[in-house]
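Peer 1: mind looking at a prediction? Sequence and model below.
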There are 2 protein chains.
Amino acid sequence: MDTNHLLINARWIVPVMPAGVALEAHALVIEDGRIAAILPQAEAAANYPSASVINRPEHVLLPGLVNCHGHAAMTLFRGMADDLPLEQWLTQHMWPAEGRWVSPEFVRDGAALAGAEMLLSGTTACNDMYFFPDVCAQVMAELGLRATVGMIVIEQPTPWASDVADYFDKGLAVHDQFRGHALVRTAFAPHAPYTVGDEALARIRMLADELEVPVHMHVHETSTELATEDGRRPIARLDELGLINPQLLAVHMTQLTDAEIQLVAERGAHVVHCPESNLKLASGFCPVGRLREAGVNVALGTDGAASNNDLDMLGEMRTAALLGKAVAEDAAALPAAAALEMATLGGARALGLEHEIGSLEAGKSADVICLDLSGTSTTPVYEPLSQVVYAGSRDQVTDVWIQGSPRVVERELQTGNLEDIHARAQGWAKRIRDAANG
Amino acid sequence: MDTNHLLINARWIVPVMPAGVALEAHALVIEDGRIAAILPQAEAAANYPSASVINRPEHVLLPGLVNCHGHAAMTLFRGMADDLPLEQWLTQHMWPAEGRWVSPEFVRDGAALAGAEMLLSGTTACNDMYFFPDVCAQVMAELGLRATVGMIVIEQPTPWASDVADYFDKGLAVHDQFRGHALVRTAFAPHAPYTVGDEALARIRMLADELEVPVHMHVHETSTELATEDGRRPIARLDELGLINPQLLAVHMTQLTDAEIQLVAERGAHVVHCPESNLKLASGFCPVGRLREAGVNVALGTDGAASNNDLDMLGEMRTAALLGKAVAEDAAALPAAAALEMATLGGARALGLEHEIGSLEAGKSADVICLDLSGTSTTPVYEPLSQVVYAGSRDQVTDVWIQGSPRVVERELQTGNLEDIHARAQGWAKRIRDAANG
């Protein structure tokens, strides 16, 4: 037995690069955690006669999904305060709840629930912004999920840090702790233009350059934040501070002038589109079609479970594909292949990981997911790619590999105790409910 | 053993009426196919000591979902022509494909796939518009799914009928065939204002009155249909013909003036919202919030699988809830309870079946669905109702009863051979693909 090679024979392989392609009856060859080749099955069998073989005869292989914006631990607040506008939701519900409950134990249990949910629904990499990022990073590493965790900065005290200097100190310590980690990276995560001052942003600009890390920030989420004291729109202010650049992941971006779209394109900044959160909080519509036309790389994120309410990137991709057409007033806008690219390679690019993940290409890490298309809702199959985008669902994810190692096998999580993860989440919900009731 | 009574003990019961309520640790009592009572579990056990008992300890019971607009047999065209605008999709793809392929056998196999998909995802009643409605009705009756099938009328020949007189004759024969059927009803289904003339519409108006059946019609789906030869907007024309009335299910309605919303409200007509189809075809946004504010009953439909691409009413409900807020620019618009009502009781009202189905109330038919909320994506649970709407998924549907009889038990279809249904659908796809390629 050639234990160095694994062949996955699938009915279809959608590599994302080249775009729009679905290879039929091919095998994906994995060697030492990397994609060695994608070949017709007969050829793969001949070339690798002693490899381990996994057969997925009614399935499609895709690159793992990249969730470019979330607050993992907030799964513990899932559905706690629905049907409220952003400001009221944030200031009257989420911030008080966070002040009361967030702790390393809370983040540990919430991140584990989020990580399990993401793996089981085909997400292999996430970009997180939350308190105690070291705890989140540790949990994701144990689950074997790639995570970029945010060195969060916000001009108000939270259970994680007392003031801006403390946020920087703690964030940089997390960066040092995970330097060179196989799965964990860090990014600066200033909360939003309206909660972080110029001095802190200037320091982030300098440190992000030095450390070569992304900057992950909510930008132009709602029209409310456009009414600034000095009349400058936040994007103009961020640009003056040098932050509109290829390191920036600007999340939400529902309020954009043509000139701002042009600026973002020229500067090479990335936009992270979170359609379900934007819809649920009535924040506005991100002009995804116009951004892509201008050449902007658009990635996808679920946002946190308190404003979505799940971390299902397949569902998010579908919502993005559907909504993108309606907002562009063009049914040919954002076709299935473009939506899939946003959910995979677009995310990889935004995180600076496009040489490692985001497509199934020889040399890249074997971050691969497998969906069973034999279910009633995806029968018959004319075009596997559009079938995944328009009729696929999280329950069809059967297998997940990251760096060639199995994380989910036949719908079972391999790297965590799901029963225990659920029990701990239910324990938090009971404590939170009991406290609210008296 | 008291075989007349069945108790279903569930963690939660969301009856829809009264609105917004989730009863905890209650039992639903079924007697002779009808809901006899909803009681605390201990009380139910005491009152019905010899009843059959089913325990669903981590589950929520809901009324079955009512899919108020579809073209069931089009599941066989699922994903065949994606990412195209409505007119091009209809005239260059769907109509030619239908001319070539639609037959009683096609409708039989397509409707079986659709019926299976709907039952497995929690839909217990559907409103269909397609050729060979007798075949669709027969298939749905065999599956045990409630169906209102359309007596379709369109001013062009199709494989079903040669001219308008032929459509009426064949439609009325279907009406007679299923008169008094326990599960099947009929409705007139004139395709759209732009494909049916005044004479036929006037006749439909008269016959719908006589037969006491609904009228099911695409109305104001896109802005294109507003450019009529005589300059009248289609709704004005339909109103002059007396068709804007409580029997009308006006489907799509993305193009509405304030005066038209007022007119629809005054006339008591029903609107069927199909958000995913409207998004995918970039047809426009139905003003659901304004319609509901004006007092219009709004129901939900998936539309056909060729423009959605699934028949998943849970997904449709979620899209409606999310999109309704964004379109109303108000995160408090269309709260979870309102979305659930649209997907259940709203549909029942539109079909004139509100005394029989649409909510879990004593005396109504036991059309009940059960969802398991113990999955990772719906853990923890604060509010079961909003959890279903914002985080639920078709894979969580475990059981379906219609008229108290099991249609799905622990995710297995009871009333059809799923393997055979899939094989027949794949056979059609192969023939259609082969013909296109050669």
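Peer 2: Structure's in. What do you need?
Peer 1: least trustworthy helix or strand in chain A by mean pLDDT?
Peer 2: Using mean pLDDT, DSSP states H and E, the weakest-scoring helix or strand in chain A turns out to be helix A:86-88, at a mean of 81.
Peer 1: in that one, what's buried?
Peer 2: By neighbour count with 16 or more other Cβ atoms under 10 Å in any protein chain shown, helix A:86-88 contains the buried residues A:Leu86. Every residue, glycine included, has its C-beta placed from N, CA and C.
Peer 1: again with stretch A:10-19
Peer 2: Residues of stretch A:10-19 classed as buried: A:Ala10, A:Arg11, A:Trp12, A:Ile13, A:Val14, A:Pro15, A:Val16 (neighbour count, 16+ other Cβ under 10 Å).
Peer 1: now stretch A:90-109
Peer 2: So, applying 16+ other Cβ under 10 Å, buried residues of stretch A:90-109: A:Leu90, A:His93, A:Met94, A:Ala97, A:Glu98, A:Trp101, A:Val102, A:Phe106, A:Val107, A:Arg108, A:Asp109.
Peer 1: including distance to chain B, secondary structure and pLDDT, could those residues go into TSV?
Peer 2: Below are the buried residues of stretch A:90-109 laid out as TSV (distance: Cβ to the nearest Cβ, whole Å; DSSP: H, G, I helix; E, B strand; the rest coil; pLDDT from 0 to 100):
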residue	distance to chain B	secondary structure	pLDDT
A:Leu90	11	helix	84
A:His93	11	helix	89
A:Met94	13	helix	87
A:Ala97	11	helix	91
A:Glu98	16	helix	91
A:Trp101	13	helix	96
A:Val102	16	coil	96
A:Phe106	13	helix	98
A:Val107	16	helix	98
A:Arg108	15	helix	98
A:Asp109	10	helix	98
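Peer 1: from what I see, A:Asp324 and A:Ala339 are in contact.
Peer 2: To be clear, residue A:324 is Gly; Asp isn't right here. Yes - assessed by Cβ atoms under 8 Å, A:Gly324 is found in contact with A:Ala339 at 7.2 Å.
Peer 1: which residues of the stretch 151-300 of chain A lie near chain B?
Peer 2: Proximity of the stretch 151-300 of chain A to chain B, by Cβ under 8 Å from any Cβ of the partner chain, involves residues A:Glu276, A:Asn278, A:Leu279, A:Lys280, A:Leu281, A:Ala282, A:Ser283, A:Gly284, A:Phe285.
Peer 1: residue boundaries of the helices in the stretch 1-150 of chain A?
Peer 2: A:41-47, A:86-88, A:95-101, A:104-120, A:133-143 (DSSP state H, counting those that start in this stretch).
Peer 1: which of the ones you listed comes out lowest on mean pLDDT?
Peer 2: Per-stretch mean pLDDT for these is lowest at helix A:86-88 (a mean of 81).
Peer 1: if we can go back for a sec, out of the helices of the stretch 1-150 of chain A, which comes closest to B:Ala173?
Peer 2: Closest to B:Ala173 of those is helix A:104-120 (Cβ to Cβ; 50.5 Å).
Peer 1: in which helix or strand does A:Tyr167 reside?
Peer 2: helix A:164-177 (DSSP states H and E).
Peer 1: right, I mislabeled it, should have said A:Ala265
Peer 2: helix A:258-267.
Peer 1: distance from that helix to the middle of the chain?
Peer 2: 23 Å (Cα atoms, centre = their mean, to the nearest Å).
Peer 1: mind exporting the helix or strand following it as PDB, just the C-alpha atoms?
Peer 2: Next helix or strand after helix A:258-267 toward the C-terminus (DSSP H and E): strand A:270-273. Extracted in PDB, the C-alpha atoms of strand A:270-273 (Å, rounded to 0.1, in the frame of the first residue of the first chain):
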ATOM      1  CA  HIS A 270     -11.000  43.400  -1.200                       C
ATOM      2  CA  VAL A 271     -14.700  43.500  -0.500                       C
ATOM      3  CA  VAL A 272     -16.400  40.800   1.700                       C
ATOM      4  CA  HIS A 273     -20.000  40.500   0.900                       C
END
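Peer 1: outside of strand A:270-273, which residues touch it?
Peer 2: A:68-69, A:127, A:246, A:248-253, A:264, A:286, A:288, A:291, A:296-301, A:320, A:342, A:346, A:349-350 (Cβ atoms under 8 Å, 6 or more residues apart in numbering or on different chains).
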